[in-house]
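Chemist: sequence first, then the predicted structure:
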Amino acid sequence: MEIKKVMVIGAGQMGSGIAQVCAQAGFEVILNDMKQAFYERGIGVITKNLTRDVEKGRKTAEQKEAILGRITMSVDLNDAKDVDIIIEAAVENMEIKQTIFKQLDEIAPSHAILATNTSSLPITEIAAVTKRPAQVIGMHYMNPVPVMKLVEIIRGLATSDEVYQAVENMTYQLDKTPVEVNDFPGFISNRILMPMINEAVYALYEGVASKEAIDDVMKMGMNHPMGPLTLADFIGLDTCLYIMEVLHDGLGDSKYRPCPLLRKYVAAGWLGKKSGRGFYEYE
Ligand SMILES: CC(=O)CC(=O)SCCNC(=O)CCNC(=O)[C@H](O)C(C)(C)COP(=O)(O)OP(=O)(O)OC[C@H]1O[C@@H](n2cnc3c(N)ncnc32)[C@H](O)[C@@H]1OP(=O)(O)O
Ligand SMILES: NC(=O)C1=CN([C@@H]2O[C@H](COP(=O)(O)OP(=O)(O)OC[C@H]3O[C@@H](n4cnc5c(N)ncnc54)[C@H](OP(=O)(O)O)[C@@H]3O)[C@@H](O)[C@H]2O)C=CC1
């Protein structure tokens, strides 16, 4: 099947990046969020990224305008009525995702693929609320989307080979590399990454070292581009907590229990870079 028109749900950190790379690859993109202000925040980030590309000589001003011209605003899920694929990147919450997928199943054309950028939630459970589970799939991008090469593609229990193939082809068209994974909590990326981040928060909580020292050890000692606490701020502490909860509930092992300090920060609204404060403070 050929994909031409894409709808992205959620114009946050991930949704805006996904919309950008799809428009760069020539797809027509509808970027949906609940309010026009959220869309504007997302398109603002995309415009900033493209302007930097023009300044650095990686794109011409004409290319930038053409890319922006391929993205249109939506605050109504009914705009999914003529798209070929929907990539959902709303918050990491099963109830919200299931509500969105139920509605999309009614609205989207029968051939359309319903993909989710979930970091950890079971694809099979999201697919179960639709009448087209064979067309539901995980298309998990990494942050920052314009930079990172990987797309983890997750097959739900019922995902068809044809749908997997279409999503894999699209990933190559986006100039990214697909890796196939089965549907278990956190998939591969967050099954391995998030316990490391959670352990770093425990190390801070237990006073083993300062936040800077923890980050320095992992940066300089293990050659990670960012220390785990900086990376947690970058991902969003709310998203980190949701993922740890999914691992804890889904795998039932106490080794995945979220650190109380992570819970406390999220409860305080310290969500990391996106809210101006997490383990570190941002302007
Ligand atoms: C939670 C999940 O479900 C899954 C996840 O996504 S987990 C998170 C996965 N991501 C990571 O682990 C990221 C780790 N960090 C990194 O790889 C790097 O620190 C980084 C790429 C983010 C920044 O790299 P850096 O060298 O430290 O900084 P910087 O020099 O500013 O950026 C490098 C390039 O990326 C670009 N870039 C950085 N952030 C960007 C963003 N948010 N959007 C677009 N481009 C960006 C910069 O423009 C720069 O490109 P040029 O040098 O060609 O202009
Ligand atoms: N952050 C990361 O590094 C990564 C995140 N992900 C996943 O991507 C998804 C989005 O994460 P991220 O972009 O970081 O989160 P953000 O909080 O930045 O963005 C989420 C966006 O979705 C909007 N939203 C919430 N509910 C709805 C809804 N019902 N309909 C439409 N839009 C809605 C939010 O609006 P509002 O601002 O009002 O809440 C916000 O604009 C999550 O599932 C997350 O797990 C995947 C890979 C990496």
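Modeler: Everything's here; your move. Numbering: from 1, shown residues only. Ligands and ions are numbered 1, 2, ... in the order given.
Chemist: any weak-confidence spans in the stretch 151-283 of the chain?
Modeler: Applying pLDDT under 70 to the stretch 151-283 of the chain flags no residue at all.
Chemist: other SSEs contacting whatever helix or strand Asp233 lives in?
Modeler: Using DSSP states H and E, Asp233 sits within helix 228-235. On a contact count with 3 or more C-beta pairs under 8 Å, 6 or more residues apart in numbering; DSSP states H and E, helix 228-235 meets helix 189-205, helix 211-222. For every residue, glycine as well, the C-beta is placed using N, CA and C.
Chemist: show me where this protein has strands.
Modeler: 5-9, 28-32, 71-74, 85-88, 113-116, 136-141, 150-155, 177-182 (DSSP state E).
Chemist: how about the first one and ligand 2, touching?
Modeler: Yes: between strand 5-9 and ligand 2, judged by C-beta under 6 Å from any ligand atom, the touching residues are Ile9.
Chemist: on contacts alone, who are the packing partners of the biggest helix by length in the chain?
Modeler: Secondary structure of the chain per DSSP state H: the longest helix is helix 36-55. Contact partners of helix 36-55 among helices and strands, from 3+ C-beta pairs under 8 Å, 6+ apart: helix 13-24, strand 28-32, helix 61-69, strand 71-74.
Chemist: buried ones in the last one, by neighbour count?
Modeler: Taking 16 or more other C-beta atoms under 10 Å as the neighbour-count basis, strand 71-74 is seen to contain the buried residues 71, 73-74.
Chemist: can I get the residues you listed in a markdown table including pLDDT?
Modeler: Converted to a markdown table, those look like this (pLDDT from 0 to 100):
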| residue | pLDDT |
| --- | --- |
| Ile71 | 98 |
| Met73 | 96 |
| Ser74 | 97 |
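Chemist: and the pLDDT at Met1?
Modeler: With respect to pLDDT, Met1 scores 78.
Chemist: Phe27 now?
Modeler: Note on Phe27: pLDDT of 98.
Chemist: and for it, the neighbour number?
Modeler: 21 (other C-beta atoms under 10 Å).
Chemist: residues contacting it?
Modeler: 3-6, 70, 173 (C-beta atoms under 8 Å, 6 or more residues apart in numbering).
Chemist: chain neighbours aside, what residue packs nearest to Pro195?
Modeler: Spatially, and ignoring its direct neighbours in sequence, Pro195 is nearest to Tyr256 (6.5 Å; C-beta to C-beta, 6 or more residues apart in numbering).
Chemist: same check on Met194?
Modeler: Distances taken as C-beta to C-beta, 6+ apart put Ile243 closest to Met194, at 4.8 Å, once the chain neighbours are dropped.
Chemist: that neighbour contacts Ser120, doesn't it?
Modeler: Yes: in this structure, Ile243 is within contact of Ser120 by C-beta atoms under 8 Å, at 4.4 Å.
Chemist: more crowded one of those two?
Modeler: Ile243 (28 against 23).
Chemist: check contacts around Thr159.
Modeler: Contacts of Thr159 by C-beta under 8 Å, 6+ apart are 123, 127, 133-137.
Chemist: between the residues you listed, which is nearest ligand 1?
Modeler: Ile123 (13.8 Å; C-beta to the nearest ligand atom).
Chemist: count of neighbours near the closest one?
Modeler: Neighbours of Ile123 (other C-beta under 10 Å): 27.
Chemist: gap between it and Asp161?
Modeler: Here the criterion is C-beta to C-beta, to the nearest Å. By it, Ile123 lies 15 Å from Asp161.
Chemist: same thing with Gly10?
Modeler: Taking C-beta to C-beta, one finds Gly10 at 28 Å from Asp161.
Chemist: compare those two (neighbour count), which wins?
Modeler: Gly10 (24 against 9).
Chemist: the more buried one and Ala90 touch, don't they?
Modeler: Yes: assessed by C-beta under 8 Å, Gly10 is found in contact with Ala90 at 4.0 Å.
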